[in-house]
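A.B. asks: I would like to see how this sequence folds:
(3 chains)
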Amino acid sequence: MKEAKYQGTHHLEKSNFDLFKTIDCGQCFRWSHKGERFIGVVNKSILVIVEEASQYTVDVYGSPLSKSDLQHYFDLDTDYEPIYNVLMARDETLKKAVESGWGLRMMHQAPFETLISFILSSNNNIPKIKMTIEALAERFGEPLGTLEGQAFYAFPEVQPLAEASLEALNVKAIGYRAKSVSFTAKKIVEESLDLSVPFALSAEAGRTWLKQFYGVGDKVADCILLFAYEKEEAFPIDTWVKKMLMTLYGVEKNHMDFIKHYFIAYPGVAQQLLFYYIRNIQNKG
DNA sequence: TTTCAGGTGGTGC
DNA sequence: GCACCACCTGAA
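C.D. replies: Here you go, the predicted structure:
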């Protein structure tokens, strides 16, 4: 494979934007970091981001990616301060969660990639999901070139996944989820489904639309709505969140009703902040 | 060697 | 509508 072509450099302001928190909170799977250097694959571009005192310097390789694409991908055009202020005023825990997660942004990722990635996330954990996605990209994705000897691949398009046999899809750690990936890709191709449809739907209707795919239930649908379709009302409920809602608010059932009333306009941001906060407390013991 | 974590889909009530 | 279980694999 050839060396990936350098396509230019962008700079991003660090004000109210923390790249580490943004890629470390479980919303994306194609980013890694070592110290202040981050590497990720976004569509057909490889991004190498270096954190400096007052800004992030982004080198683009592979296909070009404009500054505005980058701004949109990391949701940098949204002013988070009013959201933070509303959430911080709710209670002490949210206040601490906002303080610890300050700068965490809701990413806007490609619908097909997000759909398949979160199908893989069911009954699974982040390191394994990442392994599987890299294996799928290597087998079915477009080669983007090498950087320092390492090969990078785009996330697979729908067509090769739809055409692949279950044996071919049986990559590392995928397990029974190969069937869900296959069914979903086949359905999109055979029924010529337009994945941009949920952008125009309410969160409720979008959830129903996404659940037409085998392997997509309430939680996975809400992740896709939040991380690809910019539905801030979506609130993915997994076992962590259930425990958190029980511990912090004594909520045992009807989670969605509580969420709608308590987090008002920003359930998605609240969910990410609380998830990040709880997980960090857990990791620190 | 065994056990566990983690959503969805299906079955049976 | 709710309760239960199979599904698969890496990590502990």
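
A.B. asks: Run the chain-centre distance for the longest helix seen in chain A.
C.D. replies: Taking DSSP state H as the assignment, the helix of chain A that covers the most residues is helix A:267-284. Counting by CA atoms, centre = their mean, to the nearest Å, helix A:267-284 is centred 15 Å from the centre of its parent chain.

A.B. asks: Need the residues that contact that helix.
C.D. replies: A:21, A:24-27, A:80, A:83, A:87, A:93-94, A:96-98, A:100-101, A:104, A:106, A:226, A:231-236, A:240-241, A:243-244, A:248, A:259-260, A:263 (CB atoms under 8 Å, 6 or more residues apart in numbering). (C-beta placed from N, C-alpha, C; glycine too.)

A.B. asks: Now A:Leu232: closest residue in space that isn't a chain neighbour?
C.D. replies: One thing to correct before we go on: residue A:232 is Glu, not Leu. A:Gly268 (4.5 Å; CB to CB, 6 or more residues apart in numbering).

A.B. asks: Would you mind giving the domain segments of chain A?
C.D. replies: Following automatic domain parsing, chain A resolves into domains at A:6-78, A:79-98+A:232-285, A:111-227.

A.B. asks: Is it possible to get JSON lines of those domains that adds mean neighbour count?
C.D. replies: Formatted as JSON lines, the domains of chain A follow (neighbours: other CB atoms under 10 Å):
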{"stretch": "domain A:6-78", "mean neighbour count": "17"}
{"stretch": "domain A:79-98+A:232-285", "mean neighbour count": "16"}
{"stretch": "domain A:111-227", "mean neighbour count": "18"}
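
A.B. asks: rank the ones you listed by mean pLDDT and give me the bottom one.
C.D. replies: Looking over the domains of chain A, mean pLDDT reaches its minimum on domain A:79-98+A:232-285, with a mean of 88.

A.B. asks: is it up against DNA strand B anywhere?
C.D. replies: Yes: for a cut-off given as CB under 7 Å from any atom of the strand, domain A:79-98+A:232-285 has contacts with DNA strand B, namely A:Asp238, A:Thr239, A:Trp240.

A.B. asks: Go ahead and list the helix or strand containing A:His10.
C.D. replies: Taking DSSP states H and E as the criterion, A:His10 maps to strand A:6-13.

A.B. asks: Can you name every helix or strand that that strand contacts?
C.D. replies: strand A:55-62, helix A:67-73 (3 or more CB pairs under 8 Å, 6 or more residues apart in numbering; DSSP states H and E).

A.B. asks: Kindly reformat the ones you listed as CSV containing distance to A:Ala221.
C.D. replies: Output for the helices and strands packed on strand A:6-13, formatted as CSV (distance: least, CB to CB, whole Å):
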stretch, distance to A:Ala221
strand A:55-62, 31
helix A:67-73, 22
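
A.B. asks: Nearest to A:Gly145, out of these?
C.D. replies: A:Gly145 lies closest, by CB to CB, to one member of those: strand A:55-62, at 5.8 Å.

A.B. asks: tilt between that closest one and strand A:6-13?
C.D. replies: Orientation note: strand A:55-62 sits at an angle of 160 degrees relative to strand A:6-13 (axes from the mean of the first three to the mean of the last three CA atoms, to 10 degrees).

A.B. asks: All the strands of the stretch 101-250 of chain A, residue numbers only.
C.D. replies: With DSSP state E, counting those that start in this stretch, the ranges of strands along the stretch 101-250 of chain A come out as A:143-147, A:150-153.
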